[in-house]
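A.B. asks: predicted coordinates and the sequence they were generated for:
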Amino acid sequence: MSKHTILAAAVAGLVLALAGSAQASLMGQLGLLDLTKDYGSGAGVNPATGNPWALGDPYHLIYVTSAMRDATSTDIADYNAFVQADASAAGMGTSVGVSWYVMGSTATVDAKDNAVITGPVFGIYDSKYVAQDAADLWNLVFPSSNPVLTLTGSAKNVHFGTLAGGTEHLPLGNSTVRREWSGWQNWSSAWGSWANTTQAEVVGISQQLQIVPEPATLALMGLGGLGLILGRKRR
């Protein structure tokens, strides 16, 4: 047996062994989701499916921005751009190809339509589990121990302009804007209002992210493919 064939067989065997340990070889896109945590259904289980995390499972990340702004604009695109810039400054936006959206409403665009939710939602700080799905998120009844926090773990009063259900109420751009306390377990019970010139943070939600292979697994799979090619050429 040639050295090339032995190499191909050895690498292919290593890749197959790694594939047999799926949990150890998967990670959340951006690397900000802890797949080993117990979110109420057992360690390593996707709370939306009740099954172990699997390749391609969708999810979203959510956080309170580091930067502040007013809420005078009536254009939702301005707030989306603000959130995108904040996420990009933290290295989890434009440079890695991930889009972010404001969790908020204007008079013409409801929050639920601005950020379409297709999976469970997790806070960036300590992988906090925030909502199971879109209905859970837009009803604004979050797990009491898992509020939406900043990257450093703080709760904030934020520009919001949104009712339970994800529709506008005292929207962004209105002279008086609905605000929310991001540390409250039920945002629909914690609201107040302030002038649209007030400087405050907003909540940002990522596009749909997915569970992906760990980089080491991808490298080994590539090496395995190379080994197989070398083996075939040798034969």
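C.D. replies: Everything's here; your move.

A.B. asks: find the centremost residue of the chain, please.
C.D. replies: Per CA atoms, centre = their mean, the C-alpha nearest to the average position across the chain is that of residue 61, at 1.8 Å.

A.B. asks: what sits against it?
C.D. replies: Listed by CB atoms under 8 Å, 6 or more residues apart in numbering, the contact set of residue 61 reads 30, 32, 33, 92, 121, 122, 123, 124, 205, 206, 209. For glycine as for every other residue, the C-beta is placed from the backbone atoms N, C-alpha and C.

A.B. asks: can we see that at 7 Å?
C.D. replies: Residues near residue 61 by CB atoms under 7 Å, 6 or more residues apart in numbering: 32, 122, 124, 206, 209.

A.B. asks: so where is this protein shaky, pLDDT-wise?
C.D. replies: When residues are selected by pLDDT under 70, those of the chain lie in 1-24, 140-145, 185-190, 216-235.

A.B. asks: and the strands in it?
C.D. replies: Here the chain has its strands, by DSSP state E, at 26-28, 58-64, 100-102, 121-123, 129-131, 157-159, 176-181, 192-195, 203-206, 209-213.

A.B. asks: dump the second one to PDB, keeping only the CA atoms.
C.D. replies: Extracted in PDB, the C-alpha atoms of strand 58-64 (Å, rounded to 0.1, in the frame of the first residue of the first chain):
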ATOM      1  CA  PRO A  58     -31.300  28.600  12.900                       C
ATOM      2  CA  TYR A  59     -31.100  31.200  15.800                       C
ATOM      3  CA  HIS A  60     -30.700  34.900  16.400                       C
ATOM      4  CA  LEU A  61     -28.600  37.000  18.700                       C
ATOM      5  CA  ILE A  62     -29.900  40.100  20.600                       C
ATOM      6  CA  TYR A  63     -28.200  42.800  22.700                       C
ATOM      7  CA  VAL A  64     -28.400  46.400  23.800                       C
END
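
A.B. asks: hang on, isn't residue 211 packed against residue 58?
C.D. replies: No. Counting by CB atoms under 7 Å, residue 211 stays clear of residue 58, with 8.2 Å between them.

A.B. asks: looking at the two, which one has more neighbours?
C.D. replies: Between residue 211 and residue 58, residue 211 has the larger neighbour count (other CB atoms under 10 Å), namely 20 against 16.

A.B. asks: who does that one bridge with?
C.D. replies: residue 28 (DSSP bridges).

A.B. asks: before we move on, what about residue 180?
C.D. replies: residue 158.

A.B. asks: if I look at it, how far off is residue 120?
C.D. replies: Counting by CB to CB, to the nearest Å, the gap from residue 180 to residue 120 is 21 Å.

A.B. asks: and what of residue 45?
C.D. replies: Residue 45 is 11 Å from residue 120, by CB to CB.

A.B. asks: circling back to that earlier point, quick check: the farthest pair among the contacts of residue 61?
C.D. replies: Greatest spatial distance in these: 124 and 209, 11.4 Å, computed using CB to CB.

A.B. asks: settle it for me: which of these two has more neighbours?
C.D. replies: residue 124 (23 against 20).
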